[in-house]
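Visitor: Could you look at this predicted model? Sequence included:
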Amino acid sequence: MSTDFVPNKTIPFSEIETFNHKGVKVDAIEDGNVILTDGTNYMWVYPGATVETYKKNAGNSNLKIISSDHYECPVFTRYGKNDPTKIIEAIECFFKVILISEYEDEYWKIVSP
């Protein structure tokens with residue numbers, strides 16, 4: 001299971017690639033994506049993402065893509081059972097932003113045009 005987060009203001013991706021604040025630092029850069037760590041937990045950061053909106057098909061539970069948009073700002077992703085709290089707090093403090101989870105309504109207002 002994963003959870004995506006987006007900042008409420010633009011963050012230059014180049015500053016993510018050299019991030020080091022409050023014990024959170026870059027662990028690795030793979031294929032242009034950054035892995036941040038607090039020493040125990042990890043978050044991936046992607047320079048952008050394709051955001052797809054789904055709708056249930058009538059009469060069954062299958063989902064159908066109704067739109068696909070490209071989002072041009074860093075997307076932070078927590079995978080598995082990692083606890084991203086320290087990483088999120090360091091990002092928010094350093095960049096003066098709020099990271100918004102995909103489970104919040106505001107997330108969709110940010111990533112969908």
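Guide: The structure has been received and is ready for your questions.

Visitor: Three-state assignment for the residue nearest the centre of the chain, please.
Guide: In the chain, the residue lying closest to the centroid (Cα atoms, centre = their mean) is residue 76, at 2.2 Å. Following DSSP: H, G, I helix; E, B strand; the rest coil, we place residue 76 in the strand state.

Visitor: Near the spatially closest residue to it that is not a sequence neighbour, how many residues? Count them for me, please.
Guide: Nearest residue to residue 76, sequence neighbours excluded (Cβ to Cβ, 6 or more residues apart in numbering): residue 5, at 4.3 Å. Where you see a C-beta, it was placed from the backbone N, CA and C, and this is true even at glycine. Burial of residue 5, expressed as a neighbour count using other Cβ atoms under 10 Å, amounts to 23.

Visitor: Could you double-check that residue 5 lies in contact with residue 75?
Guide: Yes: A contact is recorded between residue 5 and residue 75 when judged using Cβ atoms under 8 Å, the distance being 7.4 Å.

Visitor: residue ranges for the helices of the chain, please.
Guide: Remark: helices of the chain, listed N- to C-terminal, are 13-16, 85-95, 105-111; assignment by DSSP state H.

Visitor: Pick the most deeply packed of those.
Guide: Relative to the other members of the helices of the chain, helix 85-95 carries the highest mean neighbour count by mean count of other Cβ atoms under 10 Å, namely a mean of 18.

Visitor: And that one, what does it pack against?
Guide: When contacts are defined as 3 or more Cβ pairs under 8 Å, 6 or more residues apart in numbering; DSSP states H and E, helix 85-95 packs onto strand 2-7, strand 20-21, strand 24-30, strand 33-37, strand 42-46, strand 75-79, strand 99-101.

Visitor: Please export the C-alpha coordinates of it as CSV.
Guide: Output for helix 85-95, consisting of C-alpha atoms alone and laid out as CSV, is shown next (Å, rounded to 0.1, in the frame of the first residue of the first chain):
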residue,chain,number,x,y,z
THR,A,85,6.0,11.6,10.1
LYS,A,86,9.6,12.9,10.6
ILE,A,87,10.2,13.2,6.9
ILE,A,88,7.0,15.1,6.3
GLU,A,89,7.7,17.4,9.3
ALA,A,90,11.3,18.2,8.0
ILE,A,91,9.9,18.9,4.5
GLU,A,92,7.2,21.2,5.8
CYS,A,93,9.5,23.0,8.1
PHE,A,94,12.3,23.6,5.6
PHE,A,95,10.1,24.6,2.6
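
Visitor: Alright, calling it a day.
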